[in-house]
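> Let's see this in three dimensions:
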Amino acid sequence: MKKLYLVVITLVLAVVLSGCSAPELADIYVGTEVEEFGKEIVELANDKDYQAINDRARDDLKDALSAQVLEEVITPLLDNGGTFVDYKRIDVFGGVDDQTGEDFATVVLICEYENSKLSYTITVNQDYQIVGFYIK
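Prediction:
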């Protein structure tokens with residue numbers, strides 16, 4: 001069942017990013033703000049505050065990114081990873097949905113934990129609502 005939830009989250013991200021065409025960050029975003037938002041989400045995940053992550057999701061994704069789904073997917077990864085150590089790499093880029101013309105910003109955070117590395121990919125709209133979330 002946990003794999004199903006991970007697949008659902010992956011599919012949500014794939015759908016959002018499938019229409020993206022430009023790697024440049026749109027003028028409506030500030031790279032450092034997108035990066036800080038991503039770090040905030042990682043900290044919430046590390047604290048296992050899944051409801052706070054869900055609260056930052058766009059309304060149409062709240063069910064797919066429910067606190068229960070996030071807990072079932074993320075908790076085992078964090079438990080196996082151990083204590084958070086540091087951010088190893090952070091990349092921010094933009095995209096445009098070809099169907100709606102909406103600009104998106106994506107931040108990829110490679111995080112080092114005691115026993116592993118985890119990669120968070122978080123996509124937000126101009127209101128800084130999560131429209132895509134992937135962790136591996």
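> Tell me where the model's unsure across this structure.
1-22 (pLDDT under 70).
> now with 90?
Regions of the chain meeting the criterion pLDDT under 90 cover residues 1-23, 27, 97-100.
> where does the residue positioned nearest the centre of it fall, helix, sheet strand or coil?
Of all residues in the chain, the one closest to the mean position by Cα atoms, centre = their mean is residue 122, 2.4 Å from it. Here residue 122 is recorded as strand under DSSP: H, G, I helix; E, B strand; the rest coil.
> Strands along the protein, start to end?
84-96, 103-113, 117-124, 130-135 (DSSP state E).
> can you list contacts of stretch 42-54?
Counting by Cβ atoms under 8 Å, 6 or more residues apart in numbering, stretch 42-54 makes contact with 41, 62, 65-68, 70-71, 74-75, 78, 84, 87, 109, 111, 120, 130, 133, 135, all of which sit outside it. C-beta: built from backbone N, CA, C; applies to glycine.
> From those, keep the buried residues only.
41, 65-67, 70-71, 74, 78, 84, 109, 111, 120, 130, 133, 135 (16 or more other Cβ atoms under 10 Å).
> what residues are up against residue 129?
56-58.
> how much space between it and residue 88?
Distance check for residue 129 against residue 88: by Cβ to Cβ, to the nearest Å, it reads 27 Å.
> same question, residue 28
Distance of residue 28 to residue 88, given as Cβ to Cβ: 28 Å.
> Residue 98 is in contact with residue 104, correct?
No. Using Cβ atoms under 8 Å as the test, residue 104 is too far from residue 98 to be in contact (11.5 Å).
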